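Asks: Pasting a predicted model and its sequence here:
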Amino acid sequence: MGVAVGDSCMSNLTFEANGITLEQVREHVWEIPQEGEMRVPARVLASESLLEEISEDKTLEQLKNTTHLPGITNYAICMPDGHQGYGFPVGGVGAIDAENGCISPGAVGYDINCGVRMMKTNLTYDELRGNEAELVDSLFANVPSGLGGGGIVEADIDTVDEILARGVDWALEHGHAVEEDLLHCEDEGMREEADPSKVTQKAKDRGKNQIGSLGSGNHFLEVQRVTDVFDDEVGEAYGLEEDQIVVLIHCGSRGLGHQTCNDYLRKIEKQHQGLLNQLPDKELAAAPAGSQLAEDYYGAMNAAINFAWVNRQLIMHRTRKVFERVFDRSWEEMEMHLLYDVAHNIAKKETHIVDGEERDLYVHRKGATRAFPAGHPDVPKAYRDVGQPVIIPGSMGAGNYVLRGGEHSMERTFGSTAHGAGRLMSRTQAKNEFWGGDVQQQLEEQDKIYVKAQSGATVAEEAPGVYKDVDEVVSVSDDLGIGDKVARTFPVCNIKG
DNA sequence: ATGTAC
């Protein structure tokens, strides 16, 4: 348990937990000063109560460890929703020199391009009321979910290769997308650096029958209603208004991404032991920039990114068909347009200004969202004047946020913000505290939220009570000017693995 | 997150 100590002067405030001391730099910014083998300081962006929660697992220790990675720039960052992960915290951002540094699979995460996309509709909550049960059943019946195989598309290895190389462009050619879907996705749904030949046969085999499937764990498809629009101008640019129905899809690259992460961790551990021995945790295994394995992993990771985008695209397009049947109207009539798709687990070569100089960095965002501000050339044209949409799922009982990239994101967080509410307890602990059936019943009776899942255990693991307060996470982002509040949504129907 | 374990 951490304890904040200090006098009334804010600049002297410190926070101590597990032998790690953080100094408050300003409100919501805490720093672990550089010492020993640390190459740079580390920063936690959090309110005091979120920092208390963050300090209860190994997050701070892991964050400190990441500052040992060669080429890490300015400081390692932990977002307000941070928690312990494999080697590198979930909610972590590490910007690492792409010429003299390294790339680390653990700093991307096992679920490569786990992310979310939001699709709009022109339906109102009043129009939907009474149809919740039919809608949730129909979504559950038509969108594959749960562990193991079974997707919207079954592919052979050649088709998997095409998906890995072309991303959503493949979906467009095969009738699972329309042109505008590409324009509203990060990188237009395709990473050109993808190299399918660097993805192992085993990973492709795992992926070929999972194309268009939610998976399990915290992945879900949720029908939501917009309850608040905080910024009218940006809300209008995004096409969001109160009482509107939207759909949020949260999933990743399934077994293919998981296998890819695993394959490269093992290869890197073997081939780059020298670097591994310099690091405080084997889970941070990294390939030196410029090495063959760094290039290979980058090509394979980008291919897995494309796979995840196709996955979300197929699920979204299938959702349009489900709405067509339930509401007896065409999806075009219901204006079911993609707002945006954001990646939560990714490393990308980006150019950032560091000490007045342009630098090429591998920006590792693991459980963190790109949040580019207005005017940035990588923000799609439709949103260039207001900033990139950032989509932050909370828990299935709390609601979700749409933010826009804030004007301080480039200088403070390498263009990043938080990605969700963040877990408060382990899955095992969650199952001891909650029973899936109770959670489901309570959500329906008290909040009119219709949940349908493959397994009651998953509902328990994802109970609203196992998550941090998403409102507080978002208020830290908003306060720091890295991601500004635009709208809030509340669940109506939720399907999950 | 994940053919819920190497």
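Replies: Yes, it's here.
Asks: and the gap between A:V178 and A:R191?
Replies: Separation of A:V178 from A:R191 (Cβ to Cβ, to the nearest Å): 21 Å. Where C-beta positions appear, they are placed from N, C-alpha and C, glycine not excepted.
Asks: quick one, which of those two is more surrounded?
Replies: A:R191 (25 against 16; other Cβ atoms under 10 Å).
Asks: Quickly find the element holding the residue nearest to that one when sequence neighbours are not counted.
Replies: Closest residue to A:R191 apart from its sequence neighbours, by Cβ to Cβ, 6 or more residues apart in numbering: A:N302 at 3.9 Å. In the assignment (DSSP states H and E), A:N302 maps to helix A:292-327.
Asks: Now the element after that helix, going C-ward?
Replies: strand A:338-343.
Asks: which of the residues in the helix or strand following that following strand are buried?
Replies: Scanning forward in sequence from strand A:338-343 by DSSP H and E, the next helix or strand is strand A:345-354. Neighbour-count burial for strand A:345-354, counted by 16 or more other Cβ atoms under 10 Å, picks out A:N345, A:I346, A:A347, A:K348, A:E350, A:H352.
Asks: can you tell me if the helix or strand following strand A:345-354 touches DNA strand B.
Replies: Downstream of strand A:345-354, the first helix or strand assigned by DSSP H and E is strand A:357-366. No - contact of strand A:357-366 with DNA strand B (Cβ under 7 Å from any atom of the strand) is absent, the minimum separation being 11.5 Å.
Asks: Adjacent strands (with direction) for strand A:357-366?
Replies: strand A:90-97 (antiparallel), strand A:345-354 (antiparallel) (DSSP bridges).
Asks: Just the mean pLDDT for the helix holding A:N302, thanks.
Replies: For helix A:292-327, mean pLDDT is 98.
Asks: Report the buried residues of that helix.
Replies: Judged by neighbour count using 16+ other Cβ under 10 Å, the buried positions of helix A:292-327 are A:293-320, A:322-324, A:326-327.
Asks: Over to stretch A:24-39?
Replies: Neighbour counts using 16+ other Cβ under 10 Å place A:Q24, A:V25, A:H28, A:V29, A:W30, A:E31, A:I32, A:M38, A:R39 of stretch A:24-39 among the buried residues.
Asks: helices or strands up against the strand or helix carrying the fifth one?
Replies: This points to A:W30. Assigned by DSSP H and E, A:W30 belongs to strand A:29-32. Packed against strand A:29-32 by the contact rule (3 or more Cβ pairs under 8 Å, 6 or more residues apart in numbering; DSSP states H and E) you find strand A:20-26, strand A:42-45, helix A:59-66.
Asks: Might one say that A:Q388 is in contact with A:G405?
Replies: Yes - counting by Cβ atoms under 8 Å, A:Q388 does reach A:G405; the two are 4.2 Å apart.
Asks: any residues in contact with both of those two?
Replies: Counting by Cβ atoms under 8 Å, 6 or more residues apart in numbering, the contacts common to A:Q388 and A:G405 are A:R370, A:A371, A:F372, A:P373, A:H376, A:V379.
Asks: out of those, which one sits closest to DNA strand B?
Replies: Nearest to DNA strand B among these is A:R370, at 19.6 Å by Cβ to the nearest atom of the strand.
Asks: can you give me phi and psi for the closest one?
Replies: For A:R370, the backbone dihedrals (degrees, to the nearest 10) come out as phi -60, psi 140.
Asks: and it, how many neighbours does it have?
Replies: Neighbour number of A:R370 under other Cβ under 10 Å is 29.
Asks: That one pairs with what?
Replies: Per DSSP bridges, the residues bridged to A:R370 are A:S416.
Asks: Quick check, it in contact with A:V342.
Replies: Yes - in this structure, A:R370 is within contact of A:V342 by Cβ under 8 Å, at 6.6 Å.
Asks: Which secondary structure element is home to A:A430?
Replies: helix A:427-433.
Asks: Please name every helix or strand in contact with that helix.
Replies: Under the contact criterion of 3+ Cβ pairs under 8 Å, 6+ apart, helix A:427-433 touches helix A:456-461.
Asks: Any part of the helix it packs on near DNA strand B?
Replies: No - using Cβ under 7 Å from any atom of the strand, helix A:456-461 stays clear of DNA strand B, with a minimum separation of 7.7 Å.
Asks: Identify the residues contacting that helix?
Replies: Outside helix A:456-461, the residues touching it (Cβ under 8 Å, 6+ apart) are A:216-217, A:427, A:430-431, A:433-437, A:439-440, A:451, A:453, A:496-497.
Asks: Go through the helix or strand following it and flag the buried ones.
Replies: Using DSSP H and E, the helix or strand that directly follows helix A:456-461 along the chain is helix A:470-480. Applying a neighbour-count criterion of 16+ other Cβ under 10 Å, one finds A:V470, A:E472, A:V473, A:V474, A:S475, A:V476, A:S477, A:D478, A:D479, A:L480 buried in helix A:470-480.
Asks: May I have helix A:470-480 as PDB, with CA atoms only?
Replies: Output of helix A:470-480 as PDB, limited to C-alpha atoms (Å, rounded to 0.1, in the frame of the first residue of the first chain):
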ATOM      1  CA  VAL A 470     -13.100   4.800 -16.000                       C
ATOM      2  CA  ASP A 471     -14.400   8.300 -15.200                       C
ATOM      3  CA  GLU A 472     -11.300   9.000 -13.100                       C
ATOM      4  CA  VAL A 473      -9.000   7.500 -15.700                       C
ATOM      5  CA  VAL A 474     -10.400   9.800 -18.400                       C
ATOM      6  CA  SER A 475     -10.400  12.800 -16.200                       C
ATOM      7  CA  VAL A 476      -6.600  12.400 -15.800                       C
ATOM      8  CA  SER A 477      -6.200  12.300 -19.600                       C
ATOM      9  CA  ASP A 478      -8.500  15.300 -20.000                       C
ATOM     10  CA  ASP A 479      -6.700  17.300 -17.300                       C
ATOM     11  CA  LEU A 480      -3.300  16.600 -18.800                       C
END
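Asks: could I get the helix or strand that it is followed by in PDB with only the CA atoms?
Replies: Using DSSP H and E, the helix or strand that directly follows helix A:470-480 along the chain is strand A:483-496. Provided in PDB are the C-alpha atoms of strand A:483-496 (Å, rounded to 0.1, in the frame of the first residue of the first chain):
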ATOM      1  CA  GLY A 483      -6.900  13.100 -24.600                       C
ATOM      2  CA  ASP A 484     -10.000  15.400 -24.200                       C
ATOM      3  CA  LYS A 485     -13.500  14.200 -23.300                       C
ATOM      4  CA  VAL A 486     -15.900  14.300 -26.300                       C
ATOM      5  CA  ALA A 487     -18.700  11.900 -25.400                       C
ATOM      6  CA  ARG A 488     -19.700   9.200 -23.000                       C
ATOM      7  CA  THR A 489     -21.700   6.000 -23.800                       C
ATOM      8  CA  PHE A 490     -23.600   3.500 -21.700                       C
ATOM      9  CA  PRO A 491     -24.100  -0.200 -22.400                       C
ATOM     10  CA  VAL A 492     -27.400  -1.600 -23.800                       C
ATOM     11  CA  CYS A 493     -26.400  -5.100 -25.000                       C
ATOM     12  CA  ASN A 494     -23.100  -6.900 -24.500                       C
ATOM     13  CA  ILE A 495     -21.900 -10.200 -26.000                       C
ATOM     14  CA  LYS A 496     -18.600 -11.800 -25.000                       C
END
